[in-house]
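Novice: okay, here's the prediction I keep looking at, along with the sequence it came from:
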Amino acid sequence: MDVSEILTELNDHGFEDTPSSRKVAILNDTIADVCSREPWPFLEKELTLTFNGTDAFPSNWPSDFSKMIGISNTDGSSLTWSRWADLRKQFRNTLTQGGAPLYFYFVKSRVKLYPVPGSGTALNLEYVCWHPEVAESTLEASILIPSRHHRIIVVGTLSKLYAMEDDPELSALFKATYDERLRVMREDLLRDQYVQTDSILVFEDDYLDEGYYH
């Protein structure tokens, strides 16, 4: 479904008088909620990081970065995550030293490497991205949620719209449908991860200064 088709369905439920801008805003809120529930495979991305040879951070860090999966060398060997506080204690006098990077760490949500990579260094970043916001003209291909699960966007948005219209019964009805579709979506898309669990490094606002993960 593209966004225009989703808006048509919302109108069929009696929301034709609700401004399109409001419906799109709530639709984006629903997509963000769905995407925040799990590290979904459809949000996984890869990028080759490049460096200027002077700075410890990449010159092309992605603006849609949400969560870290890992950073690896071209030979497939993985860099090790470390707390910023631990690196400061262990390598206090050599943090600006250049060389083949061994560790990555976060300072105020910004990734850095140690030792500092040379200008010819290329590292592979795997990460979970934020879903881009959609607009009235957004086509189906630009919605990252698989098309077979696009109904979850409709029912989730309807639940929010009915709540906005002070209709708690219909809001609760569509919320229950939304929750059930989330369950089905988990079973469909995360089946492989139930068999073999991958590691996703997640950091929270309380720990950004030190780069702590859980």
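Specialist: Happy to help now that I have it.
Novice: and what about Leu47, helix, strand or coil?
Specialist: strand (DSSP: H, G, I helix; E, B strand; the rest coil).
Novice: could we number from 610 for the rest of this?
Specialist: New numbering, starting at 610: the last item is Leu656.
Novice: send me the lengthiest helix in the chain as PDB with only the CA atoms.
Specialist: Longest helix in the chain by number of residues, with DSSP state H as the criterion: helix 777-798. Output in PDB follows, covering the C-alpha atoms of helix 777-798 (Å, rounded to 0.1, in the frame of the first residue of the first chain):
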ATOM      1  CA  PRO A 777     -12.500   4.800  23.400                       C
ATOM      2  CA  GLU A 778     -14.400   1.700  22.300                       C
ATOM      3  CA  LEU A 779     -13.300   1.800  18.600                       C
ATOM      4  CA  SER A 780      -9.900   2.900  19.700                       C
ATOM      5  CA  ALA A 781      -9.500  -0.100  21.900                       C
ATOM      6  CA  LEU A 782     -10.900  -2.400  19.200                       C
ATOM      7  CA  PHE A 783      -8.300  -1.300  16.700                       C
ATOM      8  CA  LYS A 784      -5.600  -1.300  19.400                       C
ATOM      9  CA  ALA A 785      -6.300  -4.900  20.000                       C
ATOM     10  CA  THR A 786      -6.100  -5.700  16.300                       C
ATOM     11  CA  TYR A 787      -2.800  -3.700  16.100                       C
ATOM     12  CA  ASP A 788      -1.300  -5.700  19.000                       C
ATOM     13  CA  GLU A 789      -2.300  -9.000  17.400                       C
ATOM     14  CA  ARG A 790      -0.800  -7.900  14.000                       C
ATOM     15  CA  LEU A 791       2.400  -7.000  15.900                       C
ATOM     16  CA  ARG A 792       2.500 -10.600  17.300                       C
ATOM     17  CA  VAL A 793       2.000 -12.100  13.800                       C
ATOM     18  CA  MET A 794       4.700  -9.800  12.400                       C
ATOM     19  CA  ARG A 795       7.200 -10.900  15.100                       C
ATOM     20  CA  GLU A 796       6.500 -14.600  14.300                       C
ATOM     21  CA  ASP A 797       6.900 -13.900  10.600                       C
ATOM     22  CA  LEU A 798       9.900 -11.700  10.500                       C
END
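Novice: which helices and strands sit right next to it?
Specialist: Under the contact definition 3 or more C-beta pairs under 8 Å, 6 or more residues apart in numbering; DSSP states H and E, helix 777-798 sits against helix 760-773. (Each C-beta comes from the backbone N, C-alpha and C, glycine too.)
Novice: need the contact partners of the helix it packs on.
Specialist: 610, 615, 618-619, 622, 624, 627, 632, 635-636, 638-640, 642-643, 752, 754, 777, 779-784, 786-787, 790-791, 794 (C-beta atoms under 8 Å, 6 or more residues apart in numbering).
Novice: can you give me the domain boundaries for this protein?
Specialist: Listed by automatic domain parsing, the domain ranges of the chain are 612-650+743-804, 651-738+810-816.
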